[in-house]
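S.K.: need coordinates for the below:
(2 chains)
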Amino acid sequence: MIAERARWRVIDFGPRTAAQYVATNRAILEARQQGLAPNTLSFLSFSEPAALVGFHQSVDQELRRDYCQAHGITIQRRVSGGGALYVDSTVVGWELYLDRRTIGSSDMLDIARRICETAARGIRSLGVDARFRPRNDIEVGGRKIAGTGGTYDGDVFLYHGSLLVDFDVERMLRVLKIPAEKLQDKAIASARERVANLKELLGEAPPMERVLGVMAQAFSEEFGVDFERADALSPAEDDKFRAALAEVETSEWVEQVSRPAAEAPMLEGVHRSPGGLLRVSLAVDLAKERIKQAWFTGDFFVNPRRMVVDLEAALRDSSLPDYRATVNRFFDGYPAEMLLLRREDFVAAMACALQTLARGGDAASG
Amino acid sequence: MQYNGCEFRPELHYDKDFQIWIRPEQDGTLTVGMTDISQTIAGKILHVRVRRPGTLRPRGKPVATVESGKWAGPIPNLFDCVIEAGNPRVLAEPALLNIEPYEAWVARVRPSGGVEQALQRLLTGQQAADGYAERCRKEDIHCKRSAR
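M.R.: As a prediction, this is how the structure comes out:
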């Protein structure tokens, strides 16, 4: 007897505001949790430029609020974890609402990995070499093309990602507080080395229908399911959507985590060595003693070139006091050719940046 | 007691999925924490947020949220309650939940309908032990603790 393939729902919501996006997430997740919604894959794009902080992030620590307000960029809070994002009409959101039993694993890291690898496979069929980069990115040649994150409630979860079809890197740099603040003219070039989009890689932006098709195909193959198209939320989900929208459109929702920007400074360090000039920008969380993000730039040779972004990925959300150990652990397991540059130079650049804490966070050199 | 390396404390009360443990205190409050199963499934916890003391949390609305590896998730709430306090140690160092989940409590709450009524919704004793072991076995969960 041939077992019947499971059927999941697929919905393309089309353009949505940031608040509608968050309210949709909440509505379907809650309905799925109460058994009122099936396993679902959905897509959407953004009808407005928006900055989305992660569920536990503080707007003042992650975003340039003044810039957002002056340029009509909506600020919203996601239900999922992870870092802040800038999105606009050139970003495709894809979302999976599933229960853990469907996936057959309780391990959240495993679940994220499997979904990201599947999404990367879908993106690859568009003709770009997309790969999963732990913990939560999908990249092409070391450059991030999609970020992901999730949330769960009991046995059900939402895992979603944002795929860059075309992207305004300059706008992103102005919206997000990322470690490029003091790179000035080099900031855009440096960001372009770390972020990719489909239009740039393929020469033209693929039609949205095609992007959605390849993603759905990849999930269908991975999970052995067929998709049943729906055009809208069910009435039960719609009620939840309206209730959620009323809540997330308030400042209480958006500002529910508020921490002072001074606790999350940006530190700069410069280290000169026989291997070249190494500059590091560190975004740190002093209260939690963590490195949020690190960017290394400068005039030096490493092979493979992507070693730098892989080191940055290893340092993301890592312990601030243990940064030496993190760098050492990374190099212990990473074959790299660096000519005269040594791992100690990366440590020294970071040490230099951290020394500026005592001096109030000014740029320094060492 | 342990099942697949997942510690079970028989003196505590649990939800049916063994996501949280609850301990009644002398002053009529309940202490809420994450089970060994929960912290293992979550992985390394980077953020914990507890609702402000004095906040009324209806049943179904989480008392706290945690984040690990880009996953945000709730510490579920099974009865109406008022938040009395978050654990300052855990708020400052969320990874304690991965090190000592039964010492690193998350929140103290005062159940609106009284302690007895709240505990009626929970499992304890042999019934809890059997359910805990069953979940570990059925989902093949093997617990891991972080080192200090």
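S.K.: how many other residues sit next to A:His71?
M.R.: For A:His71, the count of nearby residues is 12 (other Cβ atoms under 10 Å in any protein chain shown). (C-beta placed from N, C-alpha, C; glycine too.)
S.K.: next up, the contacts around residue 78.
M.R.: You didn't pick a chain, so chain A it is. Going by Cβ atoms under 8 Å, 6 or more residues apart in numbering or on different chains, A:Arg78 touches A:Val22, A:Asn25, A:Leu52, A:Val53, A:Gly54, A:Phe55, A:Leu85, A:Gly149.
S.K.: to clarify, I was referring to chain B.
M.R.: Shown in contact with B:Leu78 (Cβ under 8 Å, 6+ apart): B:Asp15, B:Arg59, B:Ala118, B:Arg121, B:Leu122.
S.K.: OK, contacts around A:Phe300?
M.R.: Residues near A:Phe300 by Cβ under 8 Å, 6+ apart: A:Gly275, A:Gly276, A:Leu277, A:Leu278, A:Met338, A:Leu341.
S.K.: thinking again about what came up before, just to be sure, which of the contacts of B:Leu78 are found in helices?
M.R.: B:Ala118 (DSSP state H).
S.K.: so which of the contacts of B:Leu78 is the closest to chain A?
M.R.: Using Cβ to the nearest Cβ, B:Asp15 is the member of the contacts of B:Leu78 that lies nearest chain A, at 9.2 Å.
S.K.: now render the contacts of B:Leu78 as CSV, adding neighbour count and distance to A:Ser220.
M.R.: Shown next, in CSV, are these (neighbours: other Cβ atoms under 10 Å in any protein chain shown; distance: Cβ to Cβ, whole Å):
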residue, neighbour count, distance to A:Ser220
B:Asp15, 21, 35
B:Arg59, 15, 38
B:Ala118, 22, 44
B:Arg121, 15, 40
B:Leu122, 18, 41
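S.K.: and the contacts of B:Leu78, which two are the farthest apart?
M.R.: Of all pairs drawn from the contacts of B:Leu78, the greatest distance, 12.7 Å, lies between B:Arg59 and B:Leu122 (Cβ to Cβ).
S.K.: phi and psi next, for A:Arg64.
M.R.: Dihedral pair for A:Arg64: phi -90, psi 90, per degrees, to the nearest 10.
S.K.: can I assume it is in contact with A:Met172?
M.R.: No - with contact defined as Cβ atoms under 8 Å, A:Arg64 and A:Met172 do not form a contacting pair (10.9 Å).
S.K.: the helix or strand of chain B with the lowest mean pLDDT close to chain A?
M.R.: Across the helices and strands of chain B, mean confidence by mean pLDDT, DSSP states H and E is lowest for strand B:2-3: a mean of 90. No - Strand B:2-3 does not reach chain A (Cβ under 8 Å from any Cβ of the partner chain); its nearest approach is 14.0 Å.
S.K.: contact partners for the residue nearest the centre of chain A?
M.R.: Ranked by distance to the mean C-alpha position of chain A (Cα atoms, centre = their mean), the top residue is A:Gly147 at 3.0 Å. Residues counted as contacts of A:Gly147 (Cβ under 8 Å, 6+ apart) are A:Gly82, A:Gly83, A:Leu85, A:Asn136, A:Asp137, A:Ile138, A:Gly161, A:Ser162.
S.K.: ok, for A:Arg229, nearest residue in space, not its chain neighbours?
M.R.: Closest residue to A:Arg229 apart from its sequence neighbours, by Cβ to Cβ, 6 or more residues apart in numbering or on different chains: A:Val10 at 5.6 Å.
S.K.: bridging residues for the one you found?
M.R.: Beta bridges link A:Val10 to A:Leu41, A:Arg229, judged by DSSP bridges.
S.K.: would you check how far apart the closest residue in space to A:Ala196 that isn't next to it in sequence and chain B are?
M.R.: In space, and not counting its chain neighbours, A:Ala196 is closest to A:Arg143: 3.8 Å by Cβ to Cβ, 6+ apart. Using Cβ to the nearest Cβ, to the nearest Å, one obtains 19 Å as the distance from A:Arg143 to chain B.
S.K.: same check on A:Leu173?
M.R.: For A:Leu173, the distance to chain B equals 22 Å [Cβ to the nearest Cβ].
S.K.: then that residue would be within a helix, right?
M.R.: Yes - assessed with DSSP: H, G, I helix; E, B strand; the rest coil, A:Leu173 lies in a helix.
S.K.: doesn't A:Ala187 make contact with it?
M.R.: Yes - between A:Leu173 and A:Ala187 there is a contact under Cβ under 8 Å: 5.5 Å.
S.K.: remind me which residues of chain A are low pLDDT?
M.R.: Within chain A, the segments meeting pLDDT under 70 span A:1-3, A:180-185, A:359-366.
S.K.: quick check: residues of it near chain B?
M.R.: Proximity of chain A to chain B (Cβ under 8 Å from any Cβ) is limited to residues A:54-56, A:79-82, A:106-109, A:112, A:135-136, A:148-155, A:157, A:257, A:287-288, A:290, A:317.
S.K.: test my guess that the residue nearest to A:Ala196 contacts A:Asn197.
M.R.: No - assessed by Cβ under 8 Å, A:Arg143 is found out of contact with A:Asn197, at 9.0 Å.
S.K.: helices of the chain, start to end?
M.R.: Went with chain A since none was named. For chain A, the helices defined by DSSP H occupy A:18-33, A:59-62, A:65-70, A:100-103, A:108-124, A:169-175, A:185-192, A:198-202, A:208-223, A:235-248, A:251-254, A:307-315, A:323-332, A:343-355.
S.K.: wait, chain B
M.R.: All helices of chain B, identified by DSSP H, fall at B:36-42, B:88-92, B:96-99, B:115-120, B:125-138.
S.K.: and the longest one, what's buried?
M.R.: Of the residues in helix B:125-138, those buried under the neighbour-count criterion (16 or more other Cβ atoms under 10 Å in any protein chain shown) are B:Ala128, B:Ala129, B:Gly131, B:Tyr132, B:Ala133, B:Arg135, B:Cys136.
S.K.: and that helix, how far out from the chain's middle?
M.R.: Here helix B:125-138 is found 16 Å from its chain centre; the criterion is Cα atoms, centre = their mean, to the nearest Å.
S.K.: other SSEs contacting that helix?
M.R.: strand B:2-3, strand B:13-14, helix B:36-42 (3 or more Cβ pairs under 8 Å, 6 or more residues apart in numbering or on different chains; DSSP states H and E).
S.K.: mean confidence for the longest one?
M.R.: By that I understand helix B:36-42. The average pLDDT for helix B:36-42 rounds to 93.
S.K.: mind listing residues that contact it?
M.R.: Contacts of helix B:36-42 with the rest of the structure, by Cβ under 8 Å, 6+ apart, involve A:106-108, B:6-8, B:18-20, B:34, B:45, B:66, B:68, B:71, B:73, B:97-98, B:101-102, B:132, B:135-136, B:141-145.
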